[in-house]
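Undergrad: Sequence first, predicted model second:
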Amino acid sequence: MKIVLIGYMGSGKSSVGRVLADRIGSDYLDLDLEIQLNQSKTIPQIFKDQGEIYFRKIEAQLLRRVLCASGDLVLSSGGGTPCYAGNMDYMLQDESVRTVYLKCSLEVLTDRLWPEREERPLIVHLENKDLLNDFIRKHLFERSGYYLQAEQVINCDDLTPEQVALR
Ligand code: S3P
(Lines give C-alpha, C1' and ligand atoms only; values in the text may rest on other atoms or scores of the structure.)
Protein backbone atom coordinates (compact mmCIF):
# COMPACT_ATOMS: atom_id res chain seq x y z
CA MET A 1 0.00 0.00 0.00
CA LYS A 2 1.06 3.58 -0.60
CA ILE A 3 -0.04 6.16 1.93
CA VAL A 4 0.06 9.71 0.62
CA LEU A 5 -0.14 12.49 3.17
CA ILE A 6 -1.70 15.65 1.79
CA GLY A 7 -2.42 19.02 3.37
CA TYR A 8 -1.46 22.65 3.50
CA MET A 9 2.12 23.84 4.01
CA GLY A 10 3.00 23.50 7.68
CA SER A 11 0.42 20.79 8.41
CA GLY A 12 3.14 18.31 9.45
CA LYS A 13 3.21 16.02 6.41
CA SER A 14 6.96 15.42 6.64
CA SER A 15 7.17 14.89 10.42
CA VAL A 16 4.14 12.58 10.42
CA GLY A 17 5.38 10.74 7.32
CA ARG A 18 8.72 9.86 8.88
CA VAL A 19 7.11 8.63 12.12
CA LEU A 20 4.47 6.62 10.26
CA ALA A 21 6.93 4.94 7.89
CA ASP A 22 9.09 4.03 10.86
CA ARG A 23 6.12 2.53 12.74
CA ILE A 24 4.82 0.41 9.88
CA GLY A 25 8.29 -0.41 8.54
CA SER A 26 7.76 0.95 5.06
CA ASP A 27 9.88 3.18 2.85
CA TYR A 28 9.45 6.91 3.17
CA LEU A 29 9.73 9.63 0.54
CA ASP A 30 9.19 13.37 0.60
CA LEU A 31 8.01 14.59 -2.80
CA ASP A 32 9.59 18.04 -2.34
CA LEU A 33 12.91 16.36 -1.66
CA GLU A 34 12.54 14.15 -4.74
CA ILE A 35 11.90 17.26 -6.84
CA GLN A 36 14.98 18.99 -5.43
CA LEU A 37 17.17 15.94 -6.07
CA ASN A 38 15.78 15.51 -9.58
CA GLN A 39 16.40 19.15 -10.46
CA SER A 40 19.58 19.56 -8.36
CA LYS A 41 18.09 22.79 -6.98
CA THR A 42 16.12 23.99 -4.00
CA ILE A 43 12.41 24.63 -4.45
CA PRO A 44 12.78 28.42 -4.09
CA GLN A 45 15.45 28.27 -6.82
CA ILE A 46 13.19 26.27 -9.16
CA PHE A 47 10.38 28.81 -8.68
CA LYS A 48 12.86 31.64 -9.31
CA ASP A 49 14.58 30.17 -12.38
CA GLN A 50 11.82 28.23 -14.12
CA GLY A 51 8.58 29.37 -12.49
CA GLU A 52 5.64 27.65 -10.86
CA ILE A 53 4.20 26.03 -13.99
CA TYR A 54 7.48 24.19 -14.57
CA PHE A 55 7.57 23.19 -10.89
CA ARG A 56 4.02 21.76 -11.14
CA LYS A 57 4.99 19.75 -14.24
CA ILE A 58 7.96 18.15 -12.48
CA GLU A 59 5.87 17.60 -9.34
CA ALA A 60 3.20 15.71 -11.34
CA GLN A 61 5.79 13.62 -13.21
CA LEU A 62 7.62 12.59 -10.05
CA LEU A 63 4.40 11.87 -8.18
CA ARG A 64 3.43 9.38 -10.90
CA ARG A 65 6.91 7.88 -11.02
CA VAL A 66 7.06 7.38 -7.26
CA LEU A 67 3.56 5.88 -7.07
CA CYS A 68 4.24 3.49 -9.96
CA ALA A 69 7.21 1.92 -8.21
CA SER A 70 6.54 -1.33 -6.40
CA GLY A 71 6.58 -1.76 -2.62
CA ASP A 72 4.96 -0.12 0.35
CA LEU A 73 5.53 3.57 0.78
CA VAL A 74 4.63 6.56 2.89
CA LEU A 75 4.81 9.71 0.76
CA SER A 76 4.64 13.27 2.05
CA SER A 77 3.37 15.39 -0.80
CA GLY A 78 3.76 19.14 -1.24
CA GLY A 79 0.96 21.45 -0.12
CA GLY A 80 -0.16 22.06 -3.71
CA THR A 81 0.28 18.53 -5.05
CA PRO A 82 -3.40 17.43 -4.96
CA CYS A 83 -4.56 20.70 -6.53
CA TYR A 84 -2.75 20.55 -9.89
CA ALA A 85 -2.37 18.42 -13.05
CA GLY A 86 -5.14 15.96 -12.13
CA ASN A 87 -2.97 14.63 -9.31
CA MET A 88 -5.82 14.08 -6.85
CA ASP A 89 -7.90 12.12 -9.39
CA TYR A 90 -4.82 10.11 -10.28
CA MET A 91 -4.27 9.15 -6.64
CA LEU A 92 -7.94 8.39 -5.98
CA GLN A 93 -8.13 6.10 -9.01
CA ASP A 94 -5.14 4.04 -7.93
CA GLU A 95 -6.38 1.29 -5.61
CA SER A 96 -2.97 0.85 -4.04
CA VAL A 97 -2.95 4.49 -2.87
CA ARG A 98 -4.57 5.73 0.31
CA THR A 99 -4.79 9.50 0.68
CA VAL A 100 -4.84 11.10 4.12
CA TYR A 101 -5.50 14.81 4.69
CA LEU A 102 -3.72 16.33 7.67
CA LYS A 103 -6.15 19.13 8.48
CA CYS A 104 -5.01 22.12 10.56
CA SER A 105 -6.80 25.33 11.45
CA LEU A 106 -5.97 28.69 9.89
CA GLU A 107 -4.58 29.87 13.25
CA VAL A 108 -2.22 26.91 13.68
CA LEU A 109 -0.99 27.16 10.08
CA THR A 110 -0.36 30.90 10.39
CA ASP A 111 1.62 30.48 13.64
CA ARG A 112 3.70 27.64 12.22
CA LEU A 113 4.38 29.18 8.83
CA TRP A 114 5.27 32.71 9.93
CA PRO A 115 8.79 31.76 11.13
CA GLU A 116 9.27 29.33 8.21
CA ARG A 117 8.14 31.50 5.30
CA GLU A 118 11.66 32.03 3.89
CA GLU A 119 11.76 28.42 2.61
CA ARG A 120 8.43 28.74 0.84
CA PRO A 121 8.26 30.71 -2.39
CA LEU A 122 4.48 31.17 -2.28
CA ILE A 123 4.54 33.04 1.03
CA VAL A 124 8.06 34.49 1.31
CA HIS A 125 6.90 37.93 0.12
CA LEU A 126 4.22 38.39 2.81
CA GLU A 127 5.43 41.14 5.08
CA ASN A 128 3.45 40.59 8.23
CA LYS A 129 1.45 37.93 10.00
CA ASP A 130 -1.93 39.47 9.14
CA LEU A 131 -1.10 39.33 5.42
CA LEU A 132 0.03 35.72 5.82
CA ASN A 133 -3.17 34.85 7.66
CA ASP A 134 -5.26 36.44 4.91
CA PHE A 135 -3.30 34.62 2.19
CA ILE A 136 -3.69 31.23 3.91
CA ARG A 137 -7.42 31.80 4.49
CA LYS A 138 -8.07 32.38 0.77
CA HIS A 139 -5.67 29.64 -0.30
CA LEU A 140 -7.30 27.11 2.03
CA PHE A 141 -10.69 28.09 0.63
CA GLU A 142 -9.42 27.30 -2.88
CA ARG A 143 -7.60 24.12 -1.94
CA SER A 144 -9.94 22.52 0.58
CA GLY A 145 -12.11 21.08 -2.19
CA TYR A 146 -9.14 18.95 -3.22
CA TYR A 147 -7.89 18.12 0.27
CA LEU A 148 -11.32 17.01 1.45
CA GLN A 149 -11.54 14.34 -1.24
CA ALA A 150 -8.96 12.35 0.74
CA GLU A 151 -10.03 8.94 2.01
CA GLN A 152 -9.16 9.92 5.57
CA VAL A 153 -9.19 13.34 7.20
CA ILE A 154 -7.35 13.84 10.49
CA ASN A 155 -7.82 16.98 12.55
CA CYS A 156 -4.24 17.60 13.63
CA ASP A 157 -4.34 20.85 15.60
CA ASP A 158 -3.81 19.34 19.05
CA LEU A 159 -1.96 16.18 18.07
CA THR A 160 1.74 15.34 18.03
CA PRO A 161 3.17 13.68 14.88
CA GLU A 162 3.18 10.37 16.82
CA GLN A 163 -0.52 10.72 17.64
CA VAL A 164 -1.38 11.57 14.04
CA ALA A 165 0.64 8.59 12.80
CA LEU A 166 -1.31 6.30 15.16
CA ARG A 167 -4.64 7.46 13.76
C1 S3P B 1 3.78 24.26 -2.00
C2 S3P B 1 4.18 23.62 -0.86
C3 S3P B 1 5.56 23.23 -0.61
C4 S3P B 1 6.32 23.06 -1.93
C5 S3P B 1 6.18 24.27 -2.78
C6 S3P B 1 4.72 24.58 -3.11
C7 S3P B 1 2.35 24.63 -2.16
O8 S3P B 1 5.60 22.01 0.12
O9 S3P B 1 5.86 21.92 -2.63
O10 S3P B 1 6.77 25.34 -2.09
O11 S3P B 1 1.93 24.90 -3.30
O12 S3P B 1 1.62 24.63 -1.14
P13 S3P B 1 5.25 21.90 1.72
O14 S3P B 1 3.77 21.71 1.83
O15 S3P B 1 6.01 20.69 2.15
O16 S3P B 1 5.73 23.17 2.35
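TA: Received it, and whenever you're ready, just let me know what you need.

Undergrad: where exactly do the helices run in the chain?
TA: Secondary structure of the chain (DSSP state H): helices at 13-24, 31-39, 43-49, 52-68, 87-93, 106-113, 129-147, 161-166.

Undergrad: Dump these to TSV, plus mean neighbour count and distance to the ligand.
TA: Heads up, the C-betas are built off the backbone N, CA and C, glycines and all. Shown next, in TSV, are those (neighbours: other Cβ atoms under 10 Å; distance: least, Cβ to the nearest ligand atom, whole Å):
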stretch	mean neighbour count	distance to the ligand
helix 13-24	19	6
helix 31-39	16	5
helix 43-49	15	5
helix 52-68	16	7
helix 87-93	17	12
helix 106-113	17	8
helix 129-147	15	8
helix 161-166	17	14
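
Undergrad: want to try JSON lines for the ones you listed, with mean pLDDT as columns?
TA: Formatted as JSON lines, the entries for the helices of the chain read as follows, by pLDDT from 0 to 100:
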{"stretch": "helix 13-24", "mean pLDDT": "98"}
{"stretch": "helix 31-39", "mean pLDDT": "98"}
{"stretch": "helix 43-49", "mean pLDDT": "97"}
{"stretch": "helix 52-68", "mean pLDDT": "98"}
{"stretch": "helix 87-93", "mean pLDDT": "98"}
{"stretch": "helix 106-113", "mean pLDDT": "98"}
{"stretch": "helix 129-147", "mean pLDDT": "98"}
{"stretch": "helix 161-166", "mean pLDDT": "98"}
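
Undergrad: Switch those over to a markdown table; also include distance to Val153.
TA: Listed next are the helices of the chain as a markdown table, based on distance: least, Cβ to Cβ, whole Å:
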| stretch | distance to Val153 |
| --- | --- |
| helix 13-24 | 14 |
| helix 31-39 | 20 |
| helix 43-49 | 26 |
| helix 52-68 | 20 |
| helix 87-93 | 14 |
| helix 106-113 | 15 |
| helix 129-147 | 8 |
| helix 161-166 | 12 |
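
Undergrad: and the strand ranked longest in the chain, anywhere near the ligand?
TA: Ranked by residue count under DSSP state E, the longest strand found in the chain is strand 97-103. No - Strand 97-103 lies out of reach of the ligand by Cβ under 6 Å from any ligand atom, never closer than 10.1 Å.

Undergrad: So which bits of stretch 93-100 are buried?
TA: Within stretch 93-100, the residues that count as buried by 16 or more other Cβ atoms under 10 Å are 97-100.

Undergrad: residues in contact with Arg117?
TA: By Cβ atoms under 8 Å, 6 or more residues apart in numbering, the contact list for Arg117 reads 123-124, 126, 132.
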